[in-house]
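**Q** everything below, folded, please.
(2 chains)
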Protein chains: 2
Amino acid sequence: MRLYDCETAPSPRRTRMFIAEKGAPVEIVAVDLAGGEHLKPDFRAINPRCTVPVLQLDDGSTIVENVGIARYLEEVFPDPPLLGVTPYEKALVLEWNTRVEHDGFMAVQEAFRNKARGLAGRALTGPRNYEQIPALIERGTERTKDFLAMLDDHLADREFICGERYSFADITATVAVDFCKWIKVPVSDDAANLRRWHEAMQARPSYTV
Amino acid sequence: MRLYDCETAPSPRRTRMFIAEKGAPVEIVAVDLAGGEHLKPDFRAINPRCTVPVLQLDDGSTIVENVGIARYLEEVFPDPPLLGVTPYEKALVLEWNTRVEHDGFMAVQEAFRNKARGLAGRALTGPRNYEQIPALIERGTERTKDFLAMLDDHLADREFICGERYSFADITATVAVDFCKWIKVPVSDDAANLRRWHEAMQARPSYTV
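**A** The predicted model follows:
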């Protein structure tokens, strides 16, 4: 099993953290996003969407979204469980993974990709080029602030994103919160719940993989 | 168990179809999105994100994303399986559900919500108001065309989105393809694979719920 990865990108970091928490034996293959390797024919043959992470199984078949990779790894490496144990927990982990992707990741991405000079003409990930739209910088920034405030509220009476057990939702949220720094939206000093949770996440060995 | 639903909206239709395929006993509660019921205090108390679907369990707890609701229902009503059977299938169903949400639903939504006069000031779903951005109408339309072309290619050698078995990914894709009509992007006459698949989806009893 091999993971097509990029050490500096937020999205594949989620899979790396998941692998670290599982202790799963996965070979890492670096893809040079800064050099445009993901847009070249060799990588398009692996993933026509031109994104990482990609998990490639030993038979050559691929899985190209974090949530799909997580589901596969949970099946083949069930311990420790990271996608919930009870039916309701299993639902919440996927719910919160999606919520953080939509309300967090996409918000930051909107602000970041429409502003960064190096991403001119690349406002969206994927095989096709889209021009930057300046109005999205402010919108993405506002959405990011709302996201952090929502997460702080949510964590007021929960140790982890989905309650009492660390899960894939914590991984997704950790990477999303760190991604906010890319657009200089800090975790507010007042966000005591979010700070407490984020410190606990930073203390886990998976944080630095 | 009750589902907060809106008959005319694409997103909760996915959960209705899932329930129909399972034959699950779920009470339906209509939420009047056109009348703004989702933005009023009573509904915000149920779901602060102001979106449907919401599945409310008998103990009052809620699940507010399609993928989370699907995971819960799959656990409590396992037959027929709609989230895959083998580890790889389970991964693919979640992968494709996300791909169709990102590349299909969000593309159509981008074009639709930034154009519709009735959605002025409501360019994004959720508790907060965002102004429409005209440049997103064209971008969303282009992304939608790419989405349909990608799906047609993908279905060239597959009966269903994830291969040989009907799944939640087919439900998500069916609703996404029908949603394209809202922005007048039709399935091209040349898209023979997509047409064949879409006709098969329309023949299922779950299509009209």
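
**Q** got the domain ranges for chain A?
**A** A:2-76, A:87-208 (automatic domain parsing).

**Q** including mean neighbour count, could the ones you listed go into CSV?
**A** No exception for glycine: its C-beta is placed from N, CA and C like everyone else's. CSV is the format used below for the domains of chain A (neighbours: other C-beta atoms under 10 Å in any protein chain shown):
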stretch, mean neighbour count
domain A:2-76, 18
domain A:87-208, 18
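
**Q** JSON lines for those domains, including mean pLDDT?
**A** Conversion of those to JSON lines gives the following (pLDDT from 0 to 100):
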{"stretch": "domain A:2-76", "mean pLDDT": "97"}
{"stretch": "domain A:87-208", "mean pLDDT": "97"}
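
**Q** now render these as CSV, adding distance to chain B.
**A** Written out in CSV, the entries for these read as follows (distance: least, C-beta to the nearest C-beta, whole Å):
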stretch, distance to chain B
domain A:2-76, 3
domain A:87-208, 3
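
**Q** now those domains in TSV, with distance to B:Gly36?
**A** As requested, the domains of chain A are exported to TSV (distance: least, C-beta to C-beta, whole Å):
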stretch	distance to B:Gly36
domain A:2-76	32
domain A:87-208	20
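
**Q** list the contacts for the residue nearest in space to the middle of chain A?
**A** Nearest to the centroid of the C-alpha atoms of chain A, with distances taken as C-alpha atoms, centre = their mean, sits A:Ser11, at 4.1 Å. A:Ser11 sits next to A:Thr51, A:Val52, A:Pro53, A:Asn66, A:Phe105, A:Val175 when contact means C-beta atoms under 8 Å, 6 or more residues apart in numbering or on different chains.

**Q** did I read that right, the last one in a strand?
**A** No. With DSSP: H, G, I helix; E, B strand; the rest coil as the criterion, A:Val175 is assigned helix and is not in a strand.

**Q** so it touches A:Thr15, yeah?
**A** No. Applying C-beta atoms under 8 Å, one finds A:Val175 not in contact with A:Thr15, separated by 10.0 Å.

**Q** in chain A, which spans are helices?
**A** With DSSP state H as the definition, chain A shows helices at residue ranges A:10-22, A:41-46, A:66-76, A:87-100, A:106-113, A:135-154, A:168-179, A:192-202.

**Q** got those helices as CSV, with distance to B:Arg204 columns?
**A** As requested, these are exported to CSV (distance: least, C-beta to C-beta, whole Å):
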stretch, distance to B:Arg204
helix A:10-22, 34
helix A:41-46, 34
helix A:66-76, 24
helix A:87-100, 24
helix A:106-113, 32
helix A:135-154, 37
helix A:168-179, 31
helix A:192-202, 43
